[in-house]
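>>> Fold the stuff below for me.
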Amino acid sequence: MAVEAEAGIYIDIFDAVKAGSVDSVTALMDRDGTQILKKRDKREFTPFIAAAKDGQVEAMKVMYERCSSPELLQQTTQNDGTATYWAAMNCHLAAVNQLLDWGGPKLLSARGGARRFSPFMRAAENGHLDVLKSMYGKGGKGLLIQQDNAGQTALHVAVYKGEDAVVAQLLQWGGPSLLRIKDDSGETPWQYANRSPAIQGMFEICTEVPKKAVDVVLRQIKRRNIFAAVKAGDLTSVTQLMKLHGPETVEKRESGCEPCWYRTCACYLDGLYGMTPFLFASRKGHVEIINHMYSKAGLPILLQRGAGGWSAVHLAAMEGHQKAVAWLLEVGGFDLLTFRTTMFGCTPLHCAAMRGSAGVVETMLHFLEGTELLETKAAFKSITPFIFAVCYGHIDEGDTPLHYAVRAEQYRAVAQLMEWGGPILLEIKNNDGRTAWDKAPFFGRIRGVMKKYRQ
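Predicted structure coming up:
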């Protein structure tokens, strides 16, 4: 059977899965049999795990029904992550529910990653409350005492990451006894909370009244801490805190804890360390909160930078928040797009391209006269390419937004950038002499759209 990309059928199983094309997945299995489900991409993902990671439930169903074997549920990536592990990490509730319907609660015992997290712990780390509730409904209280290779429980992890809603929910399920569990260093969640006044306050509330409703606990915490209020998107609490403490509240910095070197790099890369409430609101895409803070603090708030030089536009672009980016540019104008991070020399457009946010890229280009920003290059400064590669994959000094989008396999962003920039973008080399085309030798779908512009 001829499988033609031009007819809307993808020629690569991983492209088909990423696009959620059930017809393509079916056609490729018809052509190559179920053996194609054992194929691995460059990250050692199988098609089934890739579908779970991207939340493509219909594609998962087609593969599972065709294979008729629980073997798919046991497949792992290079770091031992199963489909359930990756679906939980990326907050794909429907995918998690479907996997648990097929494999039951035993799937929640699998461990993956360098720290040997369970799917439940990974969801706790990332603040995915709905996914946690679903897994708890299947796995019960035993999930609360699962430990990683450092002895940390889901509560340790959630406290460390500052996930207020998750912490409150875990305490409601397990009670104050969870606060006595020690990790391999002898630290309890109480000691982790010493680094976060907001979480510490939550522990005090929960120990006073262990069964207090989660929403009551969170409401009290948000009234005490502006970062908790911003995280929850609670404009009322933000307004009250700014009225109580004045406009200087938006100048407060969240220093966080003192993590190991790897996490320090990750915090800098994600723009988390040294963040203000305004930067945090931009990262979360809370436009009403951003607007309120601006109305009280004025234009200078747009100049705020986190550690590493991440601005509000960088952070909103990195997370794909098109409305927040549009608001920031409407108020601050074109100059905000020229801001570069002090660590990598990245513009907000680099961030949008890496994330694959074609809508954000389009919003940015409305503020440009021509395509000069498409040709800007990143420049590493206070960090090595190795550490950058550890956190984001291999990205070279001198990469343009197109290089970023290609390397991150962001098809829509590549297509949009090529449409606006044309063939000239394919001629730009990074500092190693590599073009974006050179970086995409095996990505069939991305290579296809670039090929149309090659001269």
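
>>> quick one: low-confidence ranges for the stretch 351-455 of the chain?
353-358, 367-399, 408-412, 420, 441-444, 455 (pLDDT under 70).

>>> Repeat the analysis, applying 50 as the threshold.
For the stretch 351-455 of the chain, applying pLDDT under 50 flags the ranges 370-371, 373-395, 443.

>>> Likewise for the chain?
1-7, 209-210, 213, 256-271, 370-371, 373-395, 443.

>>> all strands of it, in order?
Taking DSSP state E to define them, one finds no strands in the chain.

>>> okay, now the residue nearest to residue 178 when sequence neighbours are not counted: neighbour count?
Residue nearest to residue 178 in three dimensions, not counting chain neighbours: residue 155, with 5.0 Å by CB to CB, 6 or more residues apart in numbering. Any C-beta I mention is one placed from the backbone N, CA and C, and that applies to glycine too. Close neighbours of residue 155, defined as other CB atoms under 10 Å, add up to 25.

>>> now swap in residue 452 and tell me
10.

>>> about what we covered before: so who does the residue nearest to residue 178 touch?
By CB atoms under 8 Å, 6 or more residues apart in numbering, residue 155 lies in contact with 124, 144, 167, 170, 171, 174, 178, 179, 181, 189.

>>> if I read this right, the fifth one contacts residue 178, doesn't it?
Spelled out, that is residue 171. Yes. The criterion here is CB atoms under 8 Å, and residue 171 meets it with residue 178 at 6.5 Å.

>>> So between those two, which is more surrounded?
residue 171 (27 against 20).

>>> and the gap between the more buried one and residue 229?
To residue 229, residue 171 is 20 Å away according to CB to CB, to the nearest Å.

>>> count of neighbours near the closest residue to residue 188 other than its chain neighbours?
Computed as CB to CB, 6+ apart, the closest residue to residue 188 that is not its neighbour in sequence is residue 182, at 5.5 Å. Number of residues near residue 182 (other CB under 10 Å) recorded here: 14.

>>> correct me, but residue 182 touches residue 153?
No. Contact criterion CB under 8 Å: residue 182 and residue 153 do not qualify, at 9.7 Å.

>>> follow-up on the earlier one: phi, psi for the residue nearest to residue 188 please.
phi -100, psi 150 (degrees, to the nearest 10).

>>> For residue 154, see how far away it is.
Separation of residue 182 from residue 154 (CB to CB): 15 Å.

>>> returning to what we had before: can you name the two of the contacts of residue 155 that are farthest apart?
Farthest-apart pair in the contacts of residue 155 is 124 and 179; separation 15.1 Å (CB to CB).

>>> So for these two, which sits in the more crowded spot?
Between residue 124 and residue 179, residue 124 has the larger neighbour count (other CB under 10 Å), namely 33 against 18.

>>> Relative to residue 329, how far out is the more buried one?
Distance from residue 124 to residue 329, by CB to CB: 35 Å.

>>> before we move on, what about residue 182?
49 Å.

>>> So what's the residue count around the residue nearest to residue 66 when sequence neighbours are not counted?
Using CB to CB, 6+ apart and skipping the chain neighbours, the partner closest in space to residue 66 is residue 29 (5.5 Å). Residue 29 is flanked by 20 other residues according to other CB under 10 Å.

>>> which residues does the closest residue in space to residue 242 that isn't next to it in sequence contact?
Once flanking residues are discounted, residue 242 sits nearest to residue 249: 5.1 Å by CB to CB, 6+ apart. Residues in contact with residue 249 (CB under 8 Å, 6+ apart) are 226, 241, 242, 277.

>>> Neighbour count and distance to residue 364 added to these, as CSV?
Compiled in CSV, these are given as follows (neighbours: other CB atoms under 10 Å; distance: CB to CB, whole Å):
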residue, neighbour count, distance to residue 364
226, 28, 29
241, 23, 32
242, 21, 29
277, 28, 24
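
>>> This completes my enquiry, with thanks.
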